[in-house]
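Asks: Sequence and predicted structure, then a few things I'm wondering about:
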Amino acid sequence: MNVASVLTQLRATTPLVHCLTNTVVPQITANVLLAAGAAPAMIDLPEEAGIFAGVASAVLINVGNGSSEQHKAQRTVALAARDAGTPWVLDPVAVGSLPVRTALARELLACSPTAIRGNASEILGLAGTSTGGRGVDATDPVEAAVEVAQELAAEHGTVVAISGQTDVVVSPSRTTRIHGGDPLLPLVIGTGCSLGAVVAAALGATREQPCPHDATVAAHALFAAAGIVAGRDAKGPASFEVVWRDALYALTPDEVAGLAAVEES
Amino acid sequence: MNVASVLTQLRATTPLVHCLTNTVVPQITANVLLAAGAAPAMIDLPEEAGIFAGVASAVLINVGNGSSEQHKAQRTVALAARDAGTPWVLDPVAVGSLPVRTALARELLACSPTAIRGNASEILGLAGTSTGGRGVDATDPVEAAVEVAQELAAEHGTVVAISGQTDVVVSPSRTTRIHGGDPLLPLVIGTGCSLGAVVAAALGATREQPCPHDATVAAHALFAAAGIVAGRDAKGPASFEVVWRDALYALTPDEVAGLAAVEES
Amino acid sequence: MNVASVLTQLRATTPLVHCLTNTVVPQITANVLLAAGAAPAMIDLPEEAGIFAGVASAVLINVGNGSSEQHKAQRTVALAARDAGTPWVLDPVAVGSLPVRTALARELLACSPTAIRGNASEILGLAGTSTGGRGVDATDPVEAAVEVAQELAAEHGTVVAISGQTDVVVSPSRTTRIHGGDPLLPLVIGTGCSLGAVVAAALGATREQPCPHDATVAAHALFAAAGIVAGRDAKGPASFEVVWRDALYALTPDEVAGLAAVEES
């Protein structure tokens, strides 16, 4: 399924994305999901989260800064999503450098995430081959994580997306690079975390004809295209954020496909 | 008290609104309160929240995504607000579809909220006559909840506001419809939750001459008027949010009264 | 070290600022740090936070609305920062008027913060000479807290910054006033809290040649200068916030030094 088809499907179905994410980004994550055509639901209480994972179109579990109560919910939800067949995304924020979330992410990995999205240091950290960068910052280049991502994808039957200047999406049989974005994009907090949520939205929108690799690529293409548009006139990260979020909403699927350069290898 | 008088009073008194709200919206809620002329205070720790409810001009309790510790504080605060005579607003986010918050909201309902604000599915869910929609999304039209809102209002001696394309404010003897807003408004996260906070601000500003129905209508009129202004030039939800929040600050009480169509029935 | 030198150093070193802050402001705090040239990391789990305080360039502990779990982490981190020699900033939000955070802030004060930043009521509340204002709002003028700030600075060997229309930075041997900003600045939530984070960033950037008073002044000058720029065209607090955050990013160190009036006394 090509980029435009996935995004058309996303806007036609308004997938409900259950997010268990870190304390810094719920507002921008929800706003980005709404702009992209999805519906957000943040539910972190263990008693409610497990139920909802079976109702939602897709789930995002982001192990960045969360409480111990939320971590309990994340464990419950990963199991519930797996059992209900709800597609779900694992975002291993700062995994590798911090012990609690590293253990948690590896435990969640056993619940068969449909896709994993992180920066190079986080993907290496999840696989156990790096110390995971400097907190949330990547200290490894994207290409340094591609081989490990291919191994992760093969071992867990999942899609692995590595975010960076050029994004790389890997699954057992394919590797796709997405060019676009803008240097200001990483200066807006939560754009990486929101990307994980939009990957979940794209997976949720295509549940009837599952194509997790294509759905993941389409989410990345949307971000890359909006980044190109926003970079044209921005005077700094705040005006960039406004134009970027507007572009997530206003760009047509065909415009996205025309702007983002998607390279299959 | 008419719309312009309530808003004039709000800006003259800078009511201090104690908010116990969900994890997604504290930032926009605080920004909206500041723009509208109120002062926000988010205090969720049970030991401090109970004390503060007696100090604040008004209280908002929003049962959307919160921790079990915050839920404990919400119980304490509802009782403290009732006992201190502090006006308070209940926002039953996603009540009906999620068990913990549904039980919590019904328990809080027994503490005599001055006003209740939610979408149609949430109002039906609170009353026990719906499954409460799809998470935070309303799946029922506003008018479908008016009768139940009238029953809730009569039974609990409260004002019930139902948010939608046209908002309806109901109290035992009155029903008022407010027209305005914009289709982009629900694509900005937290605008509904912030409306609950501004209802609390309007209640707090008019404590000396209580008129909860009029205060609730005025808060809705402010949101509707700012929505009309913001809809004129917005290119998407982010630019809409900027102009809308500026308009909450810049519109005069008379301009609000002129823009929002308030219909008594 | 003058204002321009500190800011040049900040942008050259991208200091990693570990923030334990309240639930309302993580997003704007992270965005402000990124715009100013620093890297944010919010880590609130006691098991991870203590470790990270020794890795970070600097730490911010803001005792505004936090959970009991986060408070535990704040205690651990203050000790870890002191022991590791990591510079750290204490922000005593609403201290004086709320009992849990007042006790917490006084306990943290014993761990030798490098700098303290608050409004006049909070500084008086921390010192025990005020009831601490109306929640987060200052009810005391800045100048009313200068003497107490000088005593605090002398007793704890720290820098004390008092925020207001004119900011005052006090250390045992110096008092500096920074003029600038805009009346719209306090109508954007989290600008005060973010200032504490940028003070930490400036301290982190200058660890090799510690000059905590100058670093604190430079952070305040950056905020004041961006406030002047943003105040020129703003139509309300939201458009102000966009231009202000852009200016934090775009102003050169020399432009900041030229815009903010720094007065030594």
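Replies: Alright, I've got the coordinates. Note that the structure is a prediction, hence the values are computed from the model and not measured.
Asks: all contacts plus neighbour counts: C-alpha atoms, from now on.
Replies: Will do.
Asks: Against residue C:184, how distant is the nearest residue to residue A:189 once chain neighbours are set aside?
Replies: Leaving aside its sequence neighbours, residue A:189 sits nearest to residue C:31 (C-alpha to C-alpha, 6 or more residues apart in numbering or on different chains; 5.6 Å). Here residue C:31 is placed at a distance of 18 Å from residue C:184 (C-alpha to C-alpha, to the nearest Å).
Asks: Check which residues of the host helix or strand of residue A:107 are buried.
Replies: Using DSSP states H and E, residue A:107 sits in helix A:99-109. Using 16 or more other C-alpha atoms under 10 Å in any protein chain shown as the test for burial, helix A:99-109 gives A:100-102, A:104-106, A:108-109.
Asks: repeat for stretch A:79-94
Replies: Here stretch A:79-94 shows A:79-82, A:86-94 as buried, counting by 16+ other C-alpha under 10 Å.
Asks: what's the answer for stretch A:233-251, then?
Replies: Neighbour-count burial for stretch A:233-251 [16+ other C-alpha under 10 Å]: A:234-251.
Asks: Could I get the contacting residues of residue A:178?
Replies: Residues counted as contacts of residue A:178 (C-alpha atoms under 8 Å, 6 or more residues apart in numbering or on different chains) are A:166-168, A:217, A:220-221, A:224, A:260-263.
Asks: Quick one: those as JSON lines, columns for pLDDT and neighbour count too.
Replies: Putting those into JSON lines (pLDDT from 0 to 100; neighbours: other C-alpha atoms under 10 Å in any protein chain shown) gives the following:
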{"residue": "A:166", "pLDDT": "96", "neighbour count": "16"}
{"residue": "A:167", "pLDDT": "97", "neighbour count": "24"}
{"residue": "A:168", "pLDDT": "98", "neighbour count": "28"}
{"residue": "A:217", "pLDDT": "98", "neighbour count": "25"}
{"residue": "A:220", "pLDDT": "98", "neighbour count": "28"}
{"residue": "A:221", "pLDDT": "98", "neighbour count": "29"}
{"residue": "A:224", "pLDDT": "98", "neighbour count": "28"}
{"residue": "A:260", "pLDDT": "97", "neighbour count": "23"}
{"residue": "A:261", "pLDDT": "96", "neighbour count": "16"}
{"residue": "A:262", "pLDDT": "97", "neighbour count": "21"}
{"residue": "A:263", "pLDDT": "96", "neighbour count": "11"}
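Asks: Which single one of these is nearest to chain B?
Replies: The shortest gap between chain B and any of the contacts of residue A:178 belongs to residue A:224, at 17.6 Å (C-alpha to the nearest C-alpha).
Asks: residues in contact with that closest one?
Replies: Per C-alpha under 8 Å, 6+ apart, neighbours of residue A:224: A:178-182, A:259-260.
Asks: what do you get if the cut-off is 10 Å, keeping everything else the same?
Replies: Taking C-alpha atoms under 10 Å, 6 or more residues apart in numbering or on different chains, we find residue A:224 in contact with A:165-167, A:178-182, A:185, A:218, A:230, A:244, A:248, A:256, A:259-262.
Asks: Among the residues you listed, which lie within strands?
Replies: Residues of these located in strands (DSSP state E): A:166-167, A:178-179, A:261-262.
Asks: Now do the helices in chain A.
Replies: Using DSSP state H, the helices found in chain A span residues A:3-13, A:26-36, A:46-53, A:68-84, A:99-109, A:120-127, A:146-156, A:191-205, A:212-231, A:237-250, A:253-259.
Asks: okay if I get these as TSV plus distance to residue C:74?
Replies: Formatted as TSV, these follow (distance: least, C-alpha to C-alpha, whole Å):
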stretch	distance to residue C:74
helix A:3-13	42
helix A:26-36	22
helix A:46-53	25
helix A:68-84	15
helix A:99-109	17
helix A:120-127	26
helix A:146-156	36
helix A:191-205	25
helix A:212-231	36
helix A:237-250	30
helix A:253-259	44
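Asks: Nearest to residue C:43 among these would be which one?
Replies: helix A:99-109 (10.7 Å; C-alpha to C-alpha).
Asks: Which residue does the stretch 101-250 of chain A have closest to chain C?
Replies: Counting by C-alpha to the nearest C-alpha, the stretch 101-250 of chain A gets nearest to chain C through residue A:236 (4.3 Å).
Asks: Which residue, neighbours along the chain excluded, lies closest to residue A:10?
Replies: Distances taken as C-alpha to C-alpha, 6+ apart place residue A:205 nearest to residue A:10, at 4.9 Å, with adjacent residues excluded.
Asks: which among the buried residues of stretch A:79-94 gets closest to chain C?
Replies: Closest to chain C, out of all of the buried residues of stretch A:79-94 and judged by C-alpha to the nearest C-alpha, is residue A:94, at 9.4 Å.
Asks: Would you mind measuring from the residue nearest to residue A:189 to residue C:249?
Replies: 10 Å.
Asks: what is in contact with these two at once?
Replies: Contacts common to residue C:31 and residue C:249, judged by C-alpha under 10 Å, 6+ apart, are A:187, A:237-238, C:37.
Asks: thinking again about what came up before, and the helix holding residue A:107 with chain C, contact?
Replies: Yes - Helix A:99-109 is in contact with chain C by C-alpha under 10 Å from any C-alpha of the partner chain, via A:99-101.
Asks: hmm, back to that, near chain C, which of the buried residues of stretch A:79-94 show up?
Replies: Applying C-alpha under 10 Å from any C-alpha to the buried residues of stretch A:79-94, those adjacent to chain C are residue A:94.
Asks: Mind putting the buried residues of stretch A:79-94 into TSV with pLDDT and distance to residue B:114?
Replies: Shown next, in TSV, are the buried residues of stretch A:79-94 (pLDDT from 0 to 100; distance: C-alpha to C-alpha, whole Å):
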residue	pLDDT	distance to residue B:114
A:79	98	41
A:80	97	39
A:81	98	39
A:82	97	43
A:86	98	40
A:87	98	42
A:88	98	41
A:89	98	41
A:90	98	42
A:91	98	42
A:92	97	44
A:93	96	42
A:94	94	45
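Asks: ok, the closest residue to chain B within chain A to residue A:179 distance?
Replies: Closest contact between chain A and chain B, by C-alpha to the nearest C-alpha, is at residue A:246 (4.3 Å). To residue A:179, residue A:246 is 20 Å away according to C-alpha to C-alpha.
Asks: cool, residue A:146 as well?
Replies: Relative to residue A:179, residue A:146 is positioned 16 Å away (C-alpha to C-alpha).
Asks: Could you do residue A:92 as well?
Replies: 22 Å.
Asks: again, but for residue A:113
Replies: Distance from residue A:113 to residue A:179, by C-alpha to C-alpha: 25 Å.
Asks: Output the below-cut-off pLDDT ranges for the stretch 101-250 of chain A.
Replies: By pLDDT under 70, the low-scoring segments of the stretch 101-250 of chain A are A:130-138.
Asks: got a list of what residue A:153 touches?
Replies: By C-alpha under 10 Å, 6+ apart, residue A:153 lies in contact with A:114-116, A:147, A:159-161, A:170-173.
Asks: buried subset of those?
Replies: Buried among these (16+ other C-alpha under 10 Å): A:114-116, A:159-161, A:170-172.
Asks: shouldn't residue A:233 be in contact with residue A:240?
Replies: Yes - taking C-alpha atoms under 10 Å as the definition, residue A:233 is a contact partner of residue A:240 at 7.7 Å.
Asks: Would you mind naming what in the stretch 1-150 of chain A lies close to chain C?
Replies: Contacts of the stretch 1-150 of chain A with chain C, taken as C-alpha under 10 Å from any C-alpha, map to A:22-28, A:64-69, A:94, A:97-101, A:134-137.
Asks: picking that back up, and residue C:31 and residue C:184? which has more neighbours close in?
Replies: residue C:31 (23 against 19; other C-alpha atoms under 10 Å in any protein chain shown).
Asks: Contacts only, for the more buried one.
Replies: Applying C-alpha under 10 Å, 6+ apart, the residues near residue C:31 are A:187-190, A:237-238, C:25, C:37-40, C:194, C:245.
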